[in-house]
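Q: predicted model and sequence follow; I will ask about them next.
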Amino acid sequence: MNKKIIIIIAIITTIIISWILAFIFKDNLFWQNSKDRNLSDDINNLINSSSEASGWEESAWSSIDVLRKRYTIQWVVLKWDYYLNNNQPLFALTKYLQALKSSPNDEKVKLKIADTYFELKKWSKAWEFYKNLTNNPKASSQKIILSSIYSLQLVNSGTTNDIIKSINSINIDKEQKFYYINSINCSIDFHKCKRAFEDYIAKNEVKTKEMTSIKRALDNYKNFATEKVYYKDSLLAWSFYEMKLYPISIKISKEILSTMPNYRPIQLILWKSYFELGDNYSAKKQLEDYYTLNPNDAKVSYLLGIINFNLQDYAGSNMYYNNAIKNLYKPKIDLERRLAYNYFLLKEDKKMLSIFYSLLKEKDVEMTDYSLGIYNAIMLWENTLAQIWIKKAMEKYPKEEIFYWYSWWIYREAWDLVNARIELEKWLKINSRNPMITLNMAYLLEREWKYPMALIYAKKTILANEGWEFGTLAQKETENLNKLISANK
């Protein structure tokens, strides 16, 4: 395989990576309007530097093998992370931080960074940006307050007075301010703060959702058919959890469990609070305690699978996912996707393909399921299996170009130029202006000594992609074909 073909495969893969990243950010207006360096440029630079480091003058098959291994990481991981909603915010954060370097005083960018750090549960980082945006009308007052509480109380060991001071600096409704400040006091004296809430509700008409939640808990508290206080306190613990005051719900839950260690509702509130704060270690410990008493609970198995994944214990994660399947967790396909990804990370290729074999038989299978299964099969040289899945995918998604590309790729690498051309011709019927197709048609026709027809496709490529990768390659191919045509006159 000559150098030209290797380069074109590299470019094809680059295009796919760029397509995926564009898909990831398709709803992100900042991404669409950004005039900063395009992320596809970063990918091109990465490919160029990697290819030099790998020795681009190696034998053709060795180079293709390098490409296989490299793009398994660069493409499949990116695709899969988005697919499972793991790392989408990280990509956005990278762009926002780049933009901030160019415009260090842009509050719009700072707010996007703060919101992204909040989504990533990086509370101290979020608070670092939010504390300078307290007067920004577009900033969420709840996120500002919560990042202050989570950061100062849990990360930086700030005092209660520090948290109250930060809440007072935020322009919010008086009732909300009372709610948050009194809630913070609950971490010091729970029963005193309960009385303060009761007094406020007795003297004022409750308007905010936060106080409405407390009022509902206190009303139920009074009507609870038991005199055991710890049962009643669970209602308030749930209210604090509901309003995302996880440090408070944790404190109350731990106090209740010190008296009633097997009280299931509070066990759930406690682990959920830890989980929402991003404290996966504590969440795992609490949920495993619950799991020992309820080993057949499919949902708990599923959640422990997610927590272990977050802790990068992929084997442990799959143990729980498999148990969830055993206990008939629905939807099963979600578990299969996660299992396949873990096996991919563990490099247990046969198990990964086995999961795809089952996954692609599910009724609710999606195009991305086929795409990932086929891609991994090709990467593992399971081309027969890949072709079976390609056929099924084409039947279900006859106009999706990616599957024609996969089929062409398999034939091209096998030097089956006849079938490679057939796949390109099918692809042309779907998109006759795709420069990747027209350029490869030019290459294939050149191999068949059909220089005039090859020249037509090369010129089509230039028209469709002039000044870009395919257009540049097509220009070189045009010059080459003109020489060949002249030499054969």
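A: Great, that's in hand. Residues are numbered from 1 along each chain as shown.
Q: pLDDT below threshold where in this structure?
A: For the chain, residues meeting the criterion pLDDT under 70 lie at 1-88, 153-158, 225-227.
Q: per the annotation, how does it divide into domains?
A: Following automatic domain parsing, the chain resolves into domains at 1-90, 432-489.
Q: contacts for stretch 379-393 next, please.
A: Contacting residues not belonging to stretch 379-393 are listed as 68, 72, 76, 349, 353, 356-357, 360, 367, 370-371, 373-374, 377-378, 400, 403, 406-407, 410, 414 [CB atoms under 8 Å, 6 or more residues apart in numbering]. C-beta here means a position set from N, CA and C on the backbone, and glycine is covered the same way.
Q: go with 6 Å
A: Here stretch 379-393 makes contact (CB atoms under 6 Å, 6 or more residues apart in numbering) with 68, 72, 349, 370, 373-374, 377-378, 403, 406-407, 410.
Q: could I get it in PDB with only the CA atoms?
A: Extracted C-alpha coordinates of stretch 379-393, given in PDB (Å, rounded to 0.1, in the frame of the first residue of the first chain):
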ATOM      1  CA  MET A 379      -9.900  -2.900  14.600                       C
ATOM      2  CA  LEU A 380      -9.700  -6.400  15.900                       C
ATOM      3  CA  TRP A 381      -9.400  -7.800  12.300                       C
ATOM      4  CA  GLU A 382     -12.900  -9.500  12.700                       C
ATOM      5  CA  ASN A 383     -13.800  -8.400   9.200                       C
ATOM      6  CA  THR A 384     -16.400 -11.200   8.600                       C
ATOM      7  CA  LEU A 385     -18.300 -10.200  11.700                       C
ATOM      8  CA  ALA A 386     -18.000  -6.500  10.800                       C
ATOM      9  CA  GLN A 387     -19.500  -7.200   7.400                       C
ATOM     10  CA  ILE A 388     -22.400  -9.100   9.000                       C
ATOM     11  CA  TRP A 389     -23.100  -6.100  11.100                       C
ATOM     12  CA  ILE A 390     -22.600  -3.600   8.200                       C
ATOM     13  CA  LYS A 391     -25.200  -5.500   6.200                       C
ATOM     14  CA  LYS A 392     -27.800  -5.300   9.100                       C
ATOM     15  CA  ALA A 393     -26.900  -1.600   9.700                       C
END
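Q: in it, what counts as buried?
A: Of all the residues in stretch 379-393, those buried under the rule 16 or more other CB atoms under 10 Å are 379-380, 382-383, 385-387, 389-390, 392-393.
Q: from the contact counts, what lies against the host helix or strand of residue 165?
A: Applying DSSP states H and E as the criterion places residue 165 in helix 160-168. The contact analysis (3 or more CB pairs under 6 Å, 6 or more residues apart in numbering; DSSP states H and E) places helix 160-168 against helix 141-150, helix 174-186.
Q: in that helix, what's buried?
A: For helix 160-168, the neighbour count (16+ other CB under 10 Å) marks 163-164, 166-167 as buried.
Q: which among those gets closest to residue 263?
A: Comparing the buried residues of helix 160-168 against residue 263 with CB to CB places residue 163 closest, at 28.7 Å.
Q: surely that closest one is in contact with residue 152?
A: Yes: counting by CB atoms under 6 Å, residue 163 touches residue 152, with 5.0 Å between them.
Q: what sits against residue 148?
A: 127, 166.
Q: distance of it relative to residue 123?
A: 9 Å (CB to CB, to the nearest Å).
Q: also residue 456?
A: Computed as CB to CB, the residue 456 to residue 123 distance reads 60 Å.
Q: who's in contact with residue 304?
A: 287, 320.
Q: now find how far off-centre the helix or strand where it lies is within its chain.
A: Per DSSP H and E: residue 304 is located in helix 298-310. Centroid separation between helix 298-310 and its chain, computed with CA atoms, centre = their mean, to the nearest Å, is 17 Å.
Q: do the same with stretch 122-141
A: 23 Å.
Q: and what of stretch 414-423?
A: 36 Å.
Q: what's it in contact with?
A: By CB under 6 Å, 6+ apart, the surrounding residues in contact with stretch 414-423 are 404, 407-408, 411-412, 444.
Q: and if we set it to 10 Å?
A: If you take CB atoms under 10 Å, 6 or more residues apart in numbering as the criterion, stretch 414-423 is touched by 1, 383, 390, 403-413, 437, 440-441, 443-445, 447-448.
Q: with stretch 278-287 instead?
A: Here stretch 278-287 makes contact (CB under 10 Å, 6+ apart) with 120-123, 150, 154, 246, 250, 253-254, 257, 267-277, 291, 300-301, 303-304, 306-313, 316, 320.
Q: picking that back up, out of the contacts of stretch 379-393, which are inside helices?
A: Per DSSP state H, helices hold the following members of the contacts of stretch 379-393: 68, 349, 370, 373-374, 377-378, 403, 406-407, 410.
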